[in-house]
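1. output the structure for:
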Amino acid sequence: MSLVYVIGYLIPGGLGLLVAPQMALKLLFSNGNYGDVMPRLAGMLMVALGVILVQVVRHRQEVLYPTALVVRSGMLPVLLSFYIVSYDPLFVALLVIVGIGVFFTGVSYWLDLRDKRQQ
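-> As a prediction, the model looks like this:
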């Protein structure tokens, strides 16, 4: 269940960037000019990752949860550096969104490990 939040922002957010990139960027507080093509590319990739995660959850591939946690944890300092370089609030919004997911996945994963050890 810890990846449902991630799916919940990847697929709708990706579709938003794919279909209406300027509106989606406004909703994410962006003050940068990214054109239409790069946000649509990002949207396509977000939808693709979301669909892969749907399959991970559907097939209960718990072995991939730590990887999802590590990869998203690695995204946090990169998003912070993007904000420092650009001062675009978009990256703060993404930092918060991804950070919440990392927190929930981390807590869920820790609770699962604790429960397995107690059995």
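
2. middle-most residue in this structure, spatially?
-> For the chain, the residue sitting closest to the mean C-alpha position, by Cα atoms, centre = their mean, is V98 at 4.9 Å.

3. contacting residues for it?
-> Applying Cβ atoms under 8 Å, 6 or more residues apart in numbering to V98 gives the contacts R72, M75, L76, L79. For glycine as for every other residue, the C-beta is placed from the backbone atoms N, C-alpha and C.

4. and it, backbone torsions?
-> Main-chain torsions, V98, degrees, to the nearest 10: phi -70, psi -40.

5. go on, Y87?
-> Dihedral angles (degrees, to the nearest 10) for Y87: phi 60, psi 30.

6. that one and F29: what is the separation?
-> As judged by Cβ to Cβ, to the nearest Å, Y87 and F29 stand 12 Å apart.

7. can you pick the most crowded of the contacts of V98?
-> The most crowded member of the contacts of V98, judged by other Cβ atoms under 10 Å, is L79 (19 neighbours).

8. what is the host helix or strand of V70 packed up against?
-> Assigning secondary structure by DSSP states H and E places V70 in helix 65-86. Applying 3 or more Cβ pairs under 8 Å, 6 or more residues apart in numbering; DSSP states H and E, we find helix 65-86 packed against helix 37-58, helix 89-118.

9. neighbours around Y87, how many?
-> Y87, neighbours per other Cβ under 10 Å, totals 11.

10. just G35 next, same as before
-> G35 has 9 nearby residues by other Cβ under 10 Å.

11. repeat for L80
-> Neighbours of L80 (other Cβ under 10 Å): 15.

12. got the contact list for it?
-> F91, L95.

13. next one: it from R114, what distance?
-> Distance, L80 to R114, by Cβ to Cβ: 30 Å.

14. same thing with G35?
-> Noted for G35: a distance of 47 Å to R114, by Cβ to Cβ.

15. distance of M75 from V6?
-> For M75, the distance to V6 equals 11 Å [Cβ to Cβ].

16. now do G32
-> In terms of Cβ to Cβ, G32 sits 24 Å off from V6.
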